[in-house]
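# okay, structure incoming, though there's no sequence with it:
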């Protein structure tokens, strides 16, 4: 040991720790992007969230067009909101009210930062809830603990040899159905986006009353055309009055007759 180097005192070490801790929250970086002539700020804790922000104009063009078609004072439920790209898009529509649901702890943290960075806390309500077929207390199985990561699954682990789909990290989570949420809050959606990578049939099963309400104009759902349970969603939507639909890479868009 160099005799000229003095060991740091406990006080000095604690001061360094406090300095690092004080910088942690304010060190989160943001990027500002343009969408439909407006500027939106996005927190970028990692490359995934940066990609979401920079690809906002062209990643899901049909979804963008759908969101921009919302009428003034419409209510939008964004289920599986992730870091809030589409929730923030919808909030840019004059008067649109947004309810965003994201159970992944890191993505929810980023979603809330994005809401406050854009001063939309009066227009966007973010809930750390999984949406399923009813009130429940279980696990959300994560494919990764980083913000922006998708392909998580509520209720059951989903082991896979493919790293992308390997959702096995348990995180405690609370679920609620759409019908229960509407009944408890009085918030009736005019549009719903369902992007949860697996339990879409359960979400539809827990939304029968809401689907039958004529105030609901449209709903976008990711449907696995190879899964019988997913295919049955088409019949449920038709029976609920959604006779028109449009298939896109992002999902299936259903519109009320």
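Alright, I've got the coordinates. Quantities reported herein were computed from a predicted structural model and do not represent experimental measurements.

# ok, the spatially closest residue to residue 178 that is not a sequence neighbour to residue 176 distance?
Of all residues beyond its chain neighbours, the one nearest residue 178 is residue 207 (3.8 Å), with distances taken as C-beta to C-beta, 6 or more residues apart in numbering. (C-beta placed from N, C-alpha, C; glycine too.) Distance, residue 207 to residue 176, using C-beta to C-beta, to the nearest Å: 11 Å.

# ok, the residue nearest to residue 178 - contacts?
177, 178, 179, 192 (C-beta atoms under 8 Å, 6 or more residues apart in numbering).

# again, but for residue 213
So, once contact is read as C-beta under 8 Å, 6+ apart, residue 213 ends up touching residue 188.

# what about residue 208, how many neighbours?
When neighbours are defined as other C-beta atoms under 10 Å, residue 208 has 15 of them.

# what mean pLDDT does whichever helix in the chain runs longest have?
In the chain, assigned by DSSP state H, the helix with the most residues is helix 10-24. If you average the pLDDT over helix 10-24, you get 75.

# which SSE is residue 110 in?
helix 105-117 (DSSP states H and E).

# and that helix, what does it pack onto?
strand 38-43, helix 85-91, strand 124-127 (3 or more C-beta pairs under 8 Å, 6 or more residues apart in numbering; DSSP states H and E).

# and of the ones you listed, who's closest to residue 166?
helix 85-91 (24.1 Å; C-beta to C-beta).

# who does the closest one touch, helix- and strand-wise?
strand 38-43, helix 61-68, strand 75-79, strand 97-101, helix 105-117, strand 124-127.

# which one of those lies closest to residue 219?
So among those, strand 75-79 is nearest, using C-beta to C-beta, at 8.9 Å.

# quick one: buried residues of stretch 48-62?
48, 49, 50, 52, 53, 56, 60 (16 or more other C-beta atoms under 10 Å).

# just those: which are in helices?
48, 49, 50, 52, 53.

# surely the fourth one meets residue 82?
Which is residue 52. Yes. Residue 52 lies in contact with residue 82 (C-beta atoms under 8 Å); the separation is 7.3 Å.

# distance to residue 215 and mean pLDDT added to the helices and strands packed on helix 85-91, as a markdown table?
Shown next, in a markdown table, are the helices and strands packed on helix 85-91 (distance: least, C-beta to C-beta, whole Å; pLDDT from 0 to 100):
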| stretch | distance to residue 215 | mean pLDDT |
| --- | --- | --- |
| strand 38-43 | 27 | 95 |
| helix 61-68 | 17 | 96 |
| strand 75-79 | 9 | 98 |
| strand 97-101 | 13 | 98 |
| helix 105-117 | 25 | 97 |
| strand 124-127 | 18 | 98 |
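
# can I get these in a markdown table with distance to residue 196?
Formatted as a markdown table, the helices and strands packed on helix 85-91 follow (distance: least, C-beta to C-beta, whole Å):
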| stretch | distance to residue 196 |
| --- | --- |
| strand 38-43 | 21 |
| helix 61-68 | 15 |
| strand 75-79 | 6 |
| strand 97-101 | 9 |
| helix 105-117 | 12 |
| strand 124-127 | 14 |
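
# indicate which one of those is closest to residue 17.
Here helix 105-117 is closest among those (C-beta to C-beta), at 21.9 Å.

# for that closest one, buried residues please.
105, 106, 107, 108, 109, 110, 111, 112, 113, 114, 115, 117.

# try stretch 241-257
Buried, per 16+ other C-beta under 10 Å, within stretch 241-257: 242, 245, 250, 251, 252, 253, 254, 256.

# among those, which pair sits farthest apart?
Most distant of those, by C-beta to C-beta, are 250 and 256, 19.5 Å apart.

# report the central residue of this protein.
residue 81 (1.1 Å; C-alpha atoms, centre = their mean).

# setting the sequence-adjacent residues aside, check what's closest to that one.
Using C-beta to C-beta, 6+ apart, the closest residue to residue 81 is residue 100 (3.8 Å).
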